[in-house]
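show me how the following folds:
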Amino acid sequence: MNTTATTPFDWSLIRSFLAALDQGSLLGAARQLKTSQPTLGRHIAELESQWGVVLFERTGRGLVPTATALQLAESARAMEAGALQLSYTLTGAQSQSTGTVRITASVPVAVQLLPPILAQMRLALPDIQVELVSSNQVSNLLRREADIAVRMVRPDQGTLVAKKIGSVGVGAYAHRSYLARRSPPRLPADLLQHDLIGNDTDPSILRGFQALGYPVSREAFVLRTDDFIVQWQAVRAGLGIGFLADYMARSDPDVRPVLAGALPIPALPMWLAVHREIRTNPRIRAVYDLLAEALPLALAPRVTAN
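Have a look, this model is predicted:
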């Protein structure tokens, strides 16, 4: 790496590098950052020139990170987290925000995604306390059951402000211990010969099988529960194959994807909803803005070396 030349630091280049790394293409990175594809290309080329390295191999399928890019990614993400924390530290200092903000989120989001963000929020907004309502029921913001809601469905109340902040990928997963004793499925139809973990009253998984042309009954599932954390722990215990959010599955390296890319499971949109009071309440605004920045980062897929 070339370290002899002194070049003014440009944070936008690092943001472009991380977006390209996460999205795997200039087009996807441009969409994430809401800029143009040529601009992303110039940023990557400028970084490669400044650092004297090759960051990506250009292929017909997109961008493949080099070993150097993967090595630099950890430091770049630390810079990204530091910049975000600095931004909201300044926001908190300028607004003099104090008091409590009540957040509601589904159980998986509250258990898996929010704790690291809340730790970051504690550093950035130390005068704000958080009440977290962990529930799969949709809380009513109009009745002030919560100040901010993280939802998988868009609220239809006209007096609420809703922003789509990302998409949650969903796939079939199993623990390596289960895959060691059972032959991994090679086709979607092979799933019917496996121990499946699914919902109890929610018919979404059954409808997914029907859409694939494989009508199945409840009896096809060896464990049925609407508690996503129970499903997750059952998969980790090696009970069978479950259908999980990607962000949950990647938290355990022993949980492996099954039929990756072969199951057309649509991603679920994630919405951040808040009452219109956000415009006049600096406390809620500061927390809302931090969540709007941090949650997409937490949802972004991580590219790792093979």
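
tell me where the stretch 101-250 of the chain has helices.
With DSSP state H, counting those that start in this stretch, the ranges of helices along the stretch 101-250 of the chain come out as 107-108, 114-124, 176-181, 204-211, 228-236, 246-249.

by mean pLDDT, show me the worst of the ones you listed.
Across these, helix 204-211 has the smallest mean pLDDT, namely a mean of 83.

low-scoring stretches of the chain, by residue?
Low-confidence segments of the chain (pLDDT under 70): 1-9, 81, 84-97, 136-145, 156-159, 277-280, 302-306.

now do the domain split for it, please.
Annotated domains of the chain cover 11-80, 95-166+268-299, 170-258 [automatic domain parsing].

got a markdown table for these, with mean neighbour count too?
(Glycine included, C-beta is placed from N, CA and C.) Formatted as a markdown table, the domains of the chain follow (neighbours: other CB atoms under 10 Å):
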| stretch | mean neighbour count |
| --- | --- |
| domain 11-80 | 17 |
| domain 95-166+268-299 | 17 |
| domain 170-258 | 17 |
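
pull the CA atoms of stretch 217-237 into CSV?
Output in CSV follows, covering the C-alpha atoms of stretch 217-237 (Å, rounded to 0.1, in the frame of the first residue of the first chain):
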residue,chain,number,x,y,z
SER,A,217,-50.2,-29.3,6.1
ARG,A,218,-49.4,-28.3,9.6
GLU,A,219,-48.4,-31.9,10.3
ALA,A,220,-45.3,-31.5,8.1
PHE,A,221,-43.7,-29.4,10.9
VAL,A,222,-42.1,-31.2,13.8
LEU,A,223,-42.3,-28.0,15.8
ARG,A,224,-44.9,-25.3,15.5
THR,A,225,-44.6,-22.1,17.4
ASP,A,226,-45.3,-18.4,16.6
ASP,A,227,-42.4,-17.4,18.9
PHE,A,228,-39.5,-16.6,16.5
ILE,A,229,-37.0,-16.8,19.3
VAL,A,230,-38.1,-20.3,20.1
GLN,A,231,-37.8,-21.2,16.4
TRP,A,232,-34.3,-19.7,16.4
GLN,A,233,-33.2,-21.6,19.4
ALA,A,234,-34.7,-24.9,18.1
VAL,A,235,-32.7,-24.4,14.9
ARG,A,236,-29.5,-23.8,16.9
ALA,A,237,-30.2,-26.9,18.9
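
contacts only, for R31.
Contacts for R31 (CB atoms under 8 Å, 6 or more residues apart in numbering) come out as Q23.

ditto for F228
Contacts were defined as CB under 8 Å, 6+ apart; by that measure F228 touches S106, V107, P108, N136, L244, A245, M248.

closest to A172 out of those?
Closest approach between those and A172, by CB to CB: L244, at 8.0 Å.

for the closest residue to that closest one other than its chain neighbours, give the beta-bridge partners.
Nearest non-adjacent residue to L244, counting by CB to CB, 6 or more residues apart in numbering: Y173, 5.0 Å away. Assessed by DSSP bridges, Y173 has beta-bridge partners G242, P257.

and stretch 258-265, how far out from the chain's middle?
18 Å (CA atoms, centre = their mean, to the nearest Å).

can I get the contacts of F228 in a markdown table with distance to T201?
As requested, those are exported to a markdown table (distance: CB to CB, whole Å):
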| residue | distance to T201 |
| --- | --- |
| S106 | 16 |
| V107 | 15 |
| P108 | 17 |
| N136 | 11 |
| L244 | 18 |
| A245 | 19 |
| M248 | 20 |
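
out of the helices of the stretch 101-250 of the chain, nearest to A20?
Of these, nearest to A20 by CB to CB is helix 246-249, at 19.5 Å.

alright, that wraps it up for me.
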